[in-house]
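>>> Pasting the sequence and the predicted model now:
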Protein chains: 2
Amino acid sequence: MNTTRRAAAFAAIIGAAGAKAAVAQTVPAPAAGGPVTLDRWGSFHVGGKEIVISGQPIREVLFTPGGVPARVDPNGTYLMGSMYAQYMIPAPLRGQAPMLLWHGGGLTGVTWESTPDGREGWQNFFLRRGWATYVADAVERGRAGWSMIPEQTGGSPILLTVDNPFERFRIGDGVGSFQRGTTYPGQQFPADRESYMNFVRQIVPRFTTTDALTQDAYAALLDRVGPSVVVAHSQAGLFGWRAAQDKPDKVRALVLVEPAAVGDPAKVAALKDVPVLMIYGDFIAQDPRWPTIRANGVRFAEAVRAAGGSVDVIDLPERGIRGNSHMVMMDRNSDVVAGVVQEWLAAKELWR
Amino acid sequence: MNTTRRAAAFAAIIGAAGAKAAVAQTVPAPAAGGPVTLDRWGSFHVGGKEIVISGQPIREVLFTPGGVPARVDPNGTYLMGSMYAQYMIPAPLRGQAPMLLWHGGGLTGVTWESTPDGREGWQNFFLRRGWATYVADAVERGRAGWSMIPEQTGGSPILLTVDNPFERFRIGDGVGSFQRGTTYPGQQFPADRESYMNFVRQIVPRFTTTDALTQDAYAALLDRVGPSVVVAHSQAGLFGWRAAQDKPDKVRALVLVEPAAVGDPAKVAALKDVPVLMIYGDFIAQDPRWPTIRANGVRFAEAVRAAGGSVDVIDLPERGIRGNSHMVMMDRNSDVVAGVVQEWLAAKELWR
């Protein structure tokens, strides 16, 4: 899409139609679980590389109205492709390895925090059970910063309309469902308008050309934190599989929640000592894309098993857990699904 | 700067020079302060408005390699201009109001978290003293997401080279100091290369055209959280002053750390019941811009006082606290300066 044309389109629309009023907010509910004790908490960035740019003109920039203009020389060295993680270490510690929470595409670590309807999310769930949690923002997203990536990759970011995830994440019942205001029957996502718009607020632009940078940054994260349980959602299924294949000694277990992609078929044997859990939600048969995505995942799991690995695939509806969207960790039964993960990790002796 | 030209410049440079190896990381130090108890913690987004775009072509997008292409229609309604906040509520609670931490330009809430050399930052400091802390990511930055802002505003983001903040934030001793590797004598910023590069990782692109959106989102944050102590750094000095002028009943006190701008001169009387503390670091006289920025701030403070308000201005060197850069909360004596803020808040009876 041409940026100038799009900018002109925007200007015209804003001039003509103006903007609607701000949407009302949800007040978060008090915690049902009571206080927790943190031994440590903090954040850091990891990874990234330096690149050099030259031949660009110097600019005078007024950063703040009423401030003093500053000279900005765009030539020089930039640091790009690093990522962010925030850790919270509870006491007592019961998880036998840190738990890394890797969000999906077009999203940030907020995925794992409070749900869009203000309940406690999976970060809270696992911290309360004694897991050291590390919530990551992948390269280009959230607090990782997107730095020079558009220029470097040549890609332009994908931005989602309000309707798109409603239809694509198996919340609404197909194309046009947001406009119709209809969901799959028994849907668990908090699809009231206020909650749904809170979810939309979490969405960030997505480049489709930064996978290698992201994979490198996740490798740096694993090197820094050490052997970990990796819980990865959607797009991060790709990064989770490949990180475990590249560094099987750094991944104690891999939990893939609705993974959108598989690992490297040439390296399935690398996964033989990494227990893997794959979880899929509901309404897959009705969706145009998810039957294929799930079938690819299950086929890859079979290849890993054939090479000596251990992969458990859970289709939630087969366990009587119905109505889950693609955003399982935000669904109204998010704690039930987290409980399935917790039980599996305990069975793998990763929690005592 | 022309995007296409810049992209071409990048491609040429990357092709020719390649990228240097990833920079080594700092392991965070264990907490010296011992465990803390959290009563609640979580996050939310607030604010934003809906805009409509039309007339753009539909695209097929392959979001994940090996995935299934999805149809993306860029026409429709977008939600933009919201912001993010993460709260941690300690027990026992000693702060008499929530403390909102507002970062400066080109940065995110990470400003207040662990320092670039791995010590506990101001969020830890104040949480440990019983303040409910709300760390915000302003519009366009971090987990707020930057959504359609470039198209809407017509602005292009400012990206900083590695050298720029070293020179502009009064760490190095002027232009060329990063290349020379020289700092102001007695400098408190952790300016070893590893720590400094960790700070650079925190920097995100900055639009200079989103002030009104940001101000609106901060207003929504204050409406949601209720009467608060606002601690604002640098660019957020603008937002802090104006938020207090617009909603004096929602700002119990305003702490401005190296504010880069002043409030509305026509509304100084609105601040008469909002106690204000302004803090400036060291090396201001040697800087080309900061003598003017500080003088503007002090003049505005005098106008607020003349209208019946209470503003305390602290130049840290006059208190014998020397060597502070613009990034006071990251300097090696960050706890000393936080202690000055804490003492002032206690004197205002906002902490018991």
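Received the coordinates, thanks. It should be emphasised that the depicted structure is a prediction, and the values quoted were computed from it without experimental measurement.
>>> host element of residue A:298?
Taking DSSP states H and E as the criterion, the element that holds residue A:298 is helix A:290-306.
>>> ok now that helix, how far from the chain's centre?
Distance, stretch centre to chain centre, for helix A:290-306: 21 Å (C-alpha atoms, centre = their mean, to the nearest Å).
>>> Same question for stretch A:325-337.
With C-alpha atoms, centre = their mean, you get 14 Å for stretch A:325-337.
>>> what do you get for stretch A:111-120?
Taking C-alpha atoms, centre = their mean, the mean C-alpha location of stretch A:111-120 is offset from the chain mean by 13 Å.
>>> What of stretch A:280-289?
19 Å.
>>> re earlier: and the helix holding residue A:298, what does it pack against?
Helix A:290-306 sits against strand A:276-280, strand A:311-315, with contacts defined as 3 or more C-beta pairs under 8 Å, 6 or more residues apart in numbering or on different chains; DSSP states H and E. For the C-beta atoms, the positions are set from N, CA and C on the backbone; glycine is no exception.
>>> quick one, which of those is nearest to chain B?
strand A:276-280 (14.6 Å; C-beta to the nearest C-beta).
>>> if we can go back for a sec, mind checking the pLDDT average for the helix holding residue A:298?
For helix A:290-306, mean pLDDT is 98.
>>> Give the buried residues for stretch A:69-83.
Residues of stretch A:69-83 classed as buried by neighbour count (16 or more other C-beta atoms under 10 Å in any protein chain shown): A:70, A:72, A:74, A:76, A:78-83.
>>> Adding distance to chain B and mean pLDDT, write the helices and strands packed on helix A:290-306 out as JSON lines.
Shown next, in JSON lines, are these (distance: least, C-beta to the nearest C-beta, whole Å; pLDDT from 0 to 100):
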{"stretch": "strand A:276-280", "distance to chain B": "15", "mean pLDDT": "98"}
{"stretch": "strand A:311-315", "distance to chain B": "17", "mean pLDDT": "98"}
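>>> which of these is buried the deepest?
Mean neighbour count (mean count of other C-beta atoms under 10 Å in any protein chain shown) peaks for strand A:276-280 among these, with a mean of 23.
>>> neighbouring strands for that strand, and are they parallel or not?
Strand A:276-280 sits in its sheet next to strand A:251-257 (parallel), strand A:311-315 (parallel), going by DSSP bridges.
>>> one step back: right, so of the helices and strands packed on helix A:290-306, which gets closest to residue B:198?
strand A:276-280 (33.0 Å; C-beta to C-beta).
>>> What is the nearest of the buried residues of stretch A:69-83 to chain B?
Nearest to chain B among these: residue A:76, at 3.5 Å, using C-beta to the nearest C-beta.
>>> Just list the residues touching the closest one, thanks.
By C-beta atoms under 8 Å, 6 or more residues apart in numbering or on different chains, the contact set of residue A:76 is A:52-53, B:161-164.
>>> for it, phi and psi?
Dihedral pair for residue A:76: phi 140, psi -160, per degrees, to the nearest 10.
>>> ok, now residue A:53?
Residue torsions, per degrees, to the nearest 10, at residue A:53 are phi -120, psi 150.
>>> right, and it touches residue A:74 too?
Yes - judged on C-beta atoms under 8 Å, residue A:53 makes contact with residue A:74 at a distance of 6.6 Å.
>>> Any idea which of the contacts of residue A:76 the model trusts least?
residue A:53 (81).
>>> which residues pair with that residue across the strands?
Under the criterion used (DSSP bridges), residue A:53 bridges to residue A:76.
>>> How about residue A:256?
Assigned bridge partners for residue A:256, using DSSP bridges, are residue A:232, residue A:278.
>>> for it, what are its contacts?
Counted by C-beta under 8 Å, 6+ apart, residue A:256 has contacts A:232, A:237, A:240-241, A:276-279, A:297.
>>> can I get those residues in TSV with distance to residue A:138?
Shown next, in TSV, are the contacts of residue A:256 (distance: C-beta to C-beta, whole Å):
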residue	distance to residue A:138
A:232	10
A:237	13
A:240	11
A:241	15
A:276	20
A:277	21
A:278	20
A:279	20
A:297	20
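>>> what are the ranges of the strands in chain A?
Using DSSP state E, the strands of chain A run over A:36-53, A:59-61, A:70-72, A:76-91, A:99-102, A:133-137, A:228-233, A:251-257, A:276-280, A:311-315.
>>> Let me have these in TSV, extended by distance to residue B:333.
Listed next are those as TSV, based on distance: least, C-beta to C-beta, whole Å:
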stretch	distance to residue B:333
strand A:36-53	19
strand A:59-61	30
strand A:70-72	26
strand A:76-91	24
strand A:99-102	33
strand A:133-137	29
strand A:228-233	34
strand A:251-257	40
strand A:276-280	47
strand A:311-315	52
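>>> Setting the sequence-adjacent residues aside, check what's closest to residue A:66.
The shortest distance from residue A:66 to any non-neighbouring residue, by C-beta to C-beta, 6 or more residues apart in numbering or on different chains, is to residue B:261 (4.8 Å).
>>> The one you found reaches residue A:68, doesn't it?
No - using C-beta under 8 Å, residue B:261 and residue A:68 do not qualify as a contacting pair, with a distance of 9.8 Å.
>>> about what we covered before: which member of the contacts of residue A:76 is positioned nearest residue A:335?
Distance to residue A:335 across those (C-beta to C-beta) is lowest for residue B:162, with 44.3 Å.
>>> could you measure that closest one against chain A, distance?
Going from residue B:162 to chain A by C-beta to the nearest C-beta, to the nearest Å gives 5 Å.
>>> where are the low-confidence patches of chain A?
Along chain A, the model assigns pLDDT under 70 to residues A:1-32, A:64, A:148-156.
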